[in-house]
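just need the structure, nothing else, for what follows:
(one chain, ligands or ions: 1)
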Amino acid sequence: MVEKSSAAEQPAKRKSAKNGSPEYLDKALAKRALKDLGEDRIVEMYEEMLVLRRFEEVAGRQYQMGKIKGFCHLYIGQEPVSVGAMAGLEDKDYAVSAYRAHGHALSKGMTPREVMAELFGKETGCSRGKGGSMHLFSVEKKFYGGWGLVGGQVPTAAGIAFAAKYRDENAVTLCFLGDGAIHQGVVHETFNMAQLWKLPIVFIVENNKYAMGTELSRASSVHDLSEKALAYGMARAQVDGKDLFRSYYGIKDAIDRARNESLPTLLDVVTYRFRGHSMSDPANYRTKEELEAEMAADPLIRVQQWLASTQIRTPDQLNEMDAKAKDIAKDAVKFADDSAFPDPSELETDIYVDWSWDIE
Ligand SMILES: Cc1ncc(C[n+]2csc(CCOP(=O)(O)OP(=O)(O)O)c2C)c(N)n1
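Residues are numbered from 1 along each chain as shown. Sure, this is the predicted structure:
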């Protein structure tokens, strides 16, 4: 049986501290990251988190203005998970997600323009305006969805990992799922096969405490969801997804296992979503105090404050970065606004793959 891996696994025991104090950040790991990744790369990761945040805030407003229709699930609060995870990947690697996928698509390298245009249903969107918020996709960036069916992406991700192994690509697949999805039967069938066939995959459960309005303790017999791996003899760890560096190192361990040993890992990445489940959810199932406490330890502000306190960046530079992130989000909206809706003749195109049967 594989034991829990050590690095970066335990959610922080936080002292009470003022808003975004660097006290919240694992400073020993931050120091290690400075050595491993370098200052510039860390600043880039912070900028990526910032763009995700500003993109989602703007998307929320566009939804309220009626420019985005259908479902829309925002990722605000969970940024260190996506940014930390993708930072450990190489270009040849794959990622698959569920419907709360704007952050994953952007972190995997898709442009804010193509993602926003997709939310608007415009022909310049990554799925040519026919997928919407839940069906972001990019073959070029190896981001294979965006899935509306809870847990449906998990066997697909295992199939991608299997194909990568079969073709000797030495590529890793990241599969993001929610704490609600882990109880689906197909997810457990997939876990078994992934371990049995030694697939190079990392299952990242973004445990944001709620599946729609159901709190984890009402739905799961165990609270460290990585324990579900024990039944399959799979490697596992619990990771603090509210801390950028713990998130990065915790997930990187699993990526290395997939790449170097061709083995899967199940990660319970503890995070929190600041907004409701979707745009129509007032989130009455949680207290104001709970939300305030989480927001007081905002993972984005923690990194910002750390960058300032270590003088890696001055307050002016940090303000400039924020202004730039806001401009990127605004530019994405303008691009989406200026784009056309798909022509009605497109209604029946891109539904089935035009597939010749001489598969290698
Ligand atoms: C197969 C299936 N069952 C039910 C639903 C309805 N549904 C949509 S989201 C959701 C909750 C999933 O929560 P979680 O997996 O924790 O993801 P999160 O929203 O927290 O990212 C449910 C039950 C669905 N989309 N698909």
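
contacts only, for the closest residue to the ligand within the stretch 151-300 of the chain.
The shortest separation between the stretch 151-300 of the chain and the ligand is 2.2 Å, found at residue 178 (distances taken as CB to the nearest ligand atom). From N, CA and C alone the C-beta is placed, and that goes for glycine too. Residue 178 makes contacts with 98, 100, 150, 205, 206, 207, 208, 211, as judged by CB atoms under 8 Å, 6 or more residues apart in numbering.

at 10 Å instead, please
Under the criterion of CB atoms under 10 Å, 6 or more residues apart in numbering, the contact list for residue 178 reads 73, 97-100, 150-151, 205-208, 210-212, 273, 277.

buried ones among the residues you listed?
73, 97-100, 150-151, 205-208, 210-211, 273, 277 (16 or more other CB atoms under 10 Å).

which parts of the stretch 101-250 of the chain sit against the ligand?
When proximity is defined by CB under 6 Å from any ligand atom, the stretch 101-250 of the chain lies next to the ligand at 148, 149, 150, 178, 179, 180, 181, 208, 210, 211, 212.

average pLDDT across stretch 248-268?
Along stretch 248-268, the predicted confidence averages to a pLDDT of 98.

against residue 355, how distant is residue 103?
From residue 103 over to residue 355 the distance is 31 Å, taken as CB to CB, to the nearest Å.

which of these two has more residues huddled nearby?
residue 103 (29 against 7; other CB atoms under 10 Å).

pull the longest helix from this structure.
Using DSSP state H, we find that the single longest helix of the chain is helix 39-64.

in whichever helix or strand comes after that one, what counts as buried?
Along the chain past helix 39-64, the next helix or strand (assigned with DSSP states H and E) turns out to be helix 79-86. Within helix 79-86, the residues that qualify as buried by neighbour count (16+ other CB under 10 Å) are 79, 80, 81, 82, 83, 84, 85, 86.

can you verify my assumption that the fifth one contacts residue 109?
No: with contact taken as CB atoms under 10 Å, residue 83 and residue 109 are classed as non-touching, separated by 12.0 Å.

where does this structure have low pLDDT?
Under the criterion of pLDDT under 70, the regions of the chain flagged as low confidence span 1-23, 357-360.

of the contacts of residue 178, closest to residue 337?
Ranked by distance to residue 337 (CB to CB), these are led by residue 73 at 21.9 Å.

hang on, that closest one packs against residue 273?
Yes: under the criterion of CB under 10 Å, residue 73 is in contact with residue 273, at a separation of 8.6 Å.

report the set of residues contacting both of these two.
Going by CB under 10 Å, 6+ apart, residues that sit against residue 73 and also against residue 273 are 100, 178.

alongside the ligand, which residues does the stretch 251-360 of the chain contribute?
For the stretch 251-360 of the chain, the residues found near the ligand under the criterion CB under 6 Å from any ligand atom are residue 277.

go again using 8 Å as the cut-off
273, 277, 278 (CB under 8 Å from any ligand atom).

all helices of the stretch 251-360 of the chain, in order?
Along the stretch 251-360 of the chain, the segments classed as helices by DSSP state H, counting those that start in this stretch run 288-296, 299-309, 315-338.
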